[in-house]
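[1] return a 3D structure for these sequence lines:
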Amino acid sequence: MVAHITADRNRSKLQEAELQAVQINYACHSSVPVASMPNTGVEEEYYRLRHFSITGKGVVNRGDSLKSRRSKSNNSVASSNSSTEHLTPAAGAVAAGSARTSATCSLASSRESSTSNPASGPYKVLMLGGPAVGKSSLVSQFMTSEYLHAYDTSIDDDSGEKTVSVLLSGEESELTFIDHSYSEMAPENCMSTYDPHGYCVIYSSTDKETFLIAERILQILWTTENIAQKAVILVANKADLARCRVVTSDEGKAMATQYDCKFIETSVGINHNVDELLVGLLSQIRLKLENPEKSRDLFRKRSIRKSKRRACSPLGGAICLAGIGGSTNPSTPVSGPPASGGGFVDTPPGSAHSRKYRGSRTSASLKVKGLLGRVWARDSKSKSCENLHVL
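    This next block holds a predicted model:
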């Protein structure tokens, strides 16, 4: 009789463990970042952790996982990888058994530690741009590796604040995206209301008006020196709509180069460069925070070079093409020796002709070199503005 009772109890425990494993497995494959552990009496929160690495071929998505907030330590993930839960049935059962007495205190302490560690954030990113540029769609896609229906109009109503955790270079960081619709709050009001760590300025490559709005936003960020101190990325969204494009890639790069910010083209519709933008935002925020003096020095040097090359700041709009370093003016031809005082007038005709030829050839060569130098400088800056992993 006792053996039968013991067998029944073991069978019920086994069934209960199998049920817990099924529920945990379902939670792992769902897109909801909050799960409830069964039969513990305590509701335990989980969050999505997105894992990326940067290789020679670019950003690599290593996948998403759900992680218990109890396992979040005060240090970076490098020191807490051993406690990271991958939600296997065994780990879930252990967590369920140990959560009865200390889950509430652990959750409170983990929340405090996650907000008190400056190395892991949380970092705030302000999404700015004109109407219907895809800000909410980008933020929604940031939250998961699963492909979302980018042209679902209900996503546009899902504004506000959203948070995602990203594991990059062995360090976990939390990013909070602040997104307000254009009709609800204008970009100028957003900038005066919030003090984020980074700005994501978005325009639609199919709408010239949104491009002009993005330029106005960059003008404000330039004059307030936010570009010198914080991460700023100019984003050309809807790059997949090639037939409707009215703003070229070169125009976007030129504006990003003009305002010393980064540039990337994305498409939520085909999930193009969305992960690259997410990782780039985190990389830029970390670089700006780790190298504040270097960031300001680079901004100051670039501003001095630009003041030499043109008569006004980026607010003037037009770029005055001048020589490298501002020492020469390309509109003034580079001349050879003067006609008087050792010029070509008093020399023999043959020699004069030869010298004139050599002088004009040298002048043309200098012009070509100067032009190529300016083109190379603009091209290198354009490439630099597309590299989201350097200052």
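[2] what ranges do the helices span in the stretch 201-350 of the chain?
    Ranges of helices in the stretch 201-350 of the chain, per DSSP state H, counting those that start in this stretch, are 208-223, 226-229, 249-258, 274-290, 292-309, 349-386.
[3] which one of the ones you listed has the poorest average confidence?
    Among the helices of the stretch 201-350 of the chain, helix 349-386 carries the lowest mean pLDDT, a mean of 57.
[4] which of the three states applies to Ser165?
    Taken by DSSP: H, G, I helix; E, B strand; the rest coil, the conformation at Ser165 corresponds to strand.
[5] right, and it touches His51 too?
    No. Contact criterion C-beta atoms under 8 Å: Ser165 and His51 do not qualify, at 9.7 Å. Where C-beta positions appear, they are placed from N, C-alpha and C, glycine not excepted.
[6] so which of the two has more stuff around it?
    Ser165 (22 against 17; other C-beta atoms under 10 Å).
[7] now do Leu234: how many residues are near it, please.
    27.
[8] could you do Gln284 as well?
    When neighbours are counted by other C-beta under 10 Å, Gln284 comes out with 25.
[9] repeat that for the one 3 residues further on.
    Per other C-beta under 10 Å, the neighbour tally for Leu287 reads 17.
[10] contacting residues for it?
    By C-beta atoms under 8 Å, 6 or more residues apart in numbering, the contact list for Leu287 reads Ala231, Ser295, His389, Val390, Leu391.
[11] can you rerun that using 10 Å?
    Ala231, Lys294, Ser295, Leu388, His389, Val390, Leu391 (C-beta atoms under 10 Å, 6 or more residues apart in numbering).
[12] repeat for Glu265
    Glu265 touches 205, 234-240, 249, 252-253, 272-273, 276-277, 386, counting by C-beta under 10 Å, 6+ apart.
[13] what about 6 Å?
    Counting by C-beta atoms under 6 Å, 6 or more residues apart in numbering, Glu265 makes contact with Ala236, Ala239.
[14] quick one: pLDDT of it?
    So, for Glu265, pLDDT stands at 98.
[15] partner residues bridging it?
    On the basis of DSSP bridges, Glu265 is bridged to Ala236.
[16] how close does it get to Arg245?
    10 Å (C-beta to C-beta, to the nearest Å).
[17] then Asp195?
    35 Å.
[18] for the contacts of Leu287, point out the one with the lowest pLDDT.
    Ser295 (80).
[19] could you report the neighbour count for that residue?
    Ser295, neighbours per other C-beta under 10 Å, totals 20.
[20] nearest spatial neighbour of it, chain-adjacent residues omitted?
    Lys288 (5.3 Å; C-beta to C-beta, 6 or more residues apart in numbering).
[21] any idea how far that neighbour is from Glu215?
    Distance from Lys288 to Glu215, by C-beta to C-beta: 22 Å.
[22] equivalent analysis for Ser181, please.
    With C-beta to C-beta as the criterion, Ser181 and Glu215 are 20 Å apart.
[23] more neighbours: the two, which one.
    Glu215 (18 against 14).
[24] what's the burial count for the closest residue to the more buried one other than its chain neighbours?
    Nearest residue to Glu215, sequence neighbours excluded (C-beta to C-beta, 6+ apart): Met255, at 6.1 Å. Neighbour count for Met255, taken as other C-beta under 10 Å: 22.
[25] what about Met255, distance to Ala236?
    From Met255 to Ala236 the distance is 10 Å (C-beta to C-beta).
[26] and if you look at Leu138?
    From Leu138 over to Ala236 (counting by C-beta to C-beta), the distance is 12 Å.
[27] now Val201
    Where Ala236 is concerned, Val201 sits at a distance of 10 Å (C-beta to C-beta).
[28] ok, those two, which is more surrounded?
    Between Val201 and Ala236, counted using other C-beta under 10 Å, Ala236 has the larger neighbour count: 29 against 26.
[29] wait, the more buried one sits on Asp207?
    No. Ala236 lies out of contact with Asp207 (C-beta atoms under 6 Å); the separation is 10.7 Å.
[30] contacting residues for Phe142?
    Per C-beta under 6 Å, 6+ apart, neighbours of Phe142: Val164, Leu278.
[31] please shift the residue numbers so they start at 209 in all later answers.
    Happy to do that; since the first residue is 209 now, the last one works out to Phe350.
[32] where do the strands sit along the protein?
    In the chain, strands defined by DSSP state E lie at 254-263, 266-276, 331-337, 368-376, 379-387, 406-412, 439-445, 470-473, listed in chain order.
[33] including distance to Trp430, could those strands go into JSON lines?
    Output for the strands of the chain, formatted as JSON lines (distance: least, C-beta to C-beta, whole Å):
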{"stretch": "strand 254-263", "distance to Trp430": "28"}
{"stretch": "strand 266-276", "distance to Trp430": "28"}
{"stretch": "strand 331-337", "distance to Trp430": "14"}
{"stretch": "strand 368-376", "distance to Trp430": "26"}
{"stretch": "strand 379-387", "distance to Trp430": "21"}
{"stretch": "strand 406-412", "distance to Trp430": "11"}
{"stretch": "strand 439-445", "distance to Trp430": "9"}
{"stretch": "strand 470-473", "distance to Trp430": "14"}
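[34] out of the ones you listed, flag the one nearest Asn397.
    Closest to Asn397 of those is strand 331-337 (C-beta to C-beta; 10.5 Å).
[35] now the closest one - C-alpha only, PDB.
    C-alpha atoms of strand 331-337 as PDB (Å, rounded to 0.1, in the frame of the first residue of the first chain):
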ATOM      1  CA  TYR A 331      20.900  54.300 -22.000                       C
ATOM      2  CA  LYS A 332      18.100  56.500 -23.400                       C
ATOM      3  CA  VAL A 333      17.800  57.000 -27.100                       C
ATOM      4  CA  LEU A 334      15.400  59.700 -28.500                       C
ATOM      5  CA  MET A 335      13.800  58.800 -31.800                       C
ATOM      6  CA  LEU A 336      13.300  62.000 -33.900                       C
ATOM      7  CA  GLY A 337      11.900  62.600 -37.300                       C
END
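[36] much appreciated, bye for now.
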